[in-house]
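Participant: structure, please.
(2 chains)
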Protein chains: 2
Amino acid sequence: MENYIELALAEAHKALKQGEVPIGACIVRDGKVIAKAHNIRQKTRNAVNHAEIIAIQKACKKLHDWRLSDCDIYITLKPCPMCAGAIANARIKNVYYAAEETNSDDHLCESIFLSNRLNHKPNLIKIENEECSKILSDFFASRRKENRD
Amino acid sequence: MENYIELALAEAHKALKQGEVPIGACIVRDGKVIAKAHNIRQKTRNAVNHAEIIAIQKACKKLHDWRLSDCDIYITLKPCPMCAGAIANARIKNVYYAAEETNSDDHLCESIFLSNRLNHKPNLIKIENEECSKILSDFFASRRKENRD
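Facilitator: Got it, this is the predicted structure:
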């Protein structure tokens, strides 16, 4: 498990190098990495291109199926509603995330995963990895500094 | 407004012809149609390929921006959590939808649009168009019949 979140973190570092919000994801099945991706929203000028969405698209392509039923996803940050919805739509089994959203006290991700509208309820599991939070807080601190200078 | 939902409905008919769940979307800015799309999840074997997601991706490409701030979206069915999240992420202004989800009493779409986690709160507006509901109920009735026969 430690290795997979490290792979997601390596993806977040790729995003950081490109000036993107540093978030990464990794999809695993039977101990094998199926897809890895990082956030490329700015570069591609595409609102949908979060790390999780790209990883899900890659995994669907690789497995020739829109159902990722036996897959788990590792994410450096707790998913936004779009990505939580995509994870549930893709029927991913377990969702491991490290960093928490700091400026929010809602429980939308949990509500989405428990919704009766969707045919699948993924398990949401918090794991410890301080680096996943630090890369994000450093990024936003640096952005605020740039805006002040 | 009537015309735009009719365009979304025409997209739903395209999905139906391909054996997909018949849902369509249309994005409009300043009275001009920017993007149209229909659900192609089965054909593309991609969990993310709902009508709204494809329409948002097309519109971002056309406008060279992940922000669709001055755009409205017309959808034949109230959006699922993934698509509601994508609409909020893309900062779409007004969301017009016709059919309601029948097997759900949750208010996830409203919760997502009001969430503090997202930087934008789209307006959600129900419009009347019986055909948008009928095409869906006919599709699922026909599927149930096939499963019985």
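
Participant: pretty sure A:Ala25 belongs to a strand, no?
Facilitator: Yes. Membership of A:Ala25 in a strand is supported by DSSP: H, G, I helix; E, B strand; the rest coil.

Participant: next, count neighbours for it.
Facilitator: Neighbours of A:Ala25 under the rule other Cβ atoms under 10 Å in any protein chain shown: 31. Where you see a C-beta, it was placed from the backbone N, CA and C, and this is true even at glycine.

Participant: would you mind listing where chain A has pLDDT under the threshold?
Facilitator: A:1-2, A:103-105 (pLDDT under 70).

Participant: ok, longest helix in it?
Facilitator: Longest helix of chain A, by residue count under DSSP state H: helix A:130-148.

Participant: contacting residues for A:Ile27?
Facilitator: By Cβ atoms under 8 Å, 6 or more residues apart in numbering or on different chains, the residues touching A:Ile27 are A:33-36, A:55-56, A:58-59, A:68, A:71-74, A:92.

Participant: and if we set it to 6 Å?
Facilitator: Counting by Cβ atoms under 6 Å, 6 or more residues apart in numbering or on different chains, A:Ile27 makes contact with A:Ile34, A:Ala35, A:Ala55, A:Ala59, A:Cys71, A:Ile73.

Participant: run a quick neighbour tally on A:Lys121.
Facilitator: A:Lys121 is flanked by 14 other residues according to other Cβ under 10 Å.

Participant: okay, buried residues for the longest helix of chain A please.
Facilitator: Buried residues in helix A:130-148, counting neighbours by 16 or more other Cβ atoms under 10 Å in any protein chain shown, are found at A:Cys132, A:Ser133, A:Ile135, A:Leu136, A:Phe139.

Participant: what's the closest of those to chain B?
Facilitator: Nearest to chain B among these is A:Leu136, at 14.0 Å by Cβ to the nearest Cβ.

Participant: that older thread, which of the contacts of A:Ile27 fall in helices?
Facilitator: Using DSSP H, these in helices are A:Ala55, A:Ala59.

Participant: what is the burial count for A:His50?
Facilitator: 28.

Participant: quick check: A:Ala98 touching A:Glu130?
Facilitator: No. Assessed by Cβ atoms under 6 Å, A:Ala98 is found out of contact with A:Glu130, at 8.2 Å.
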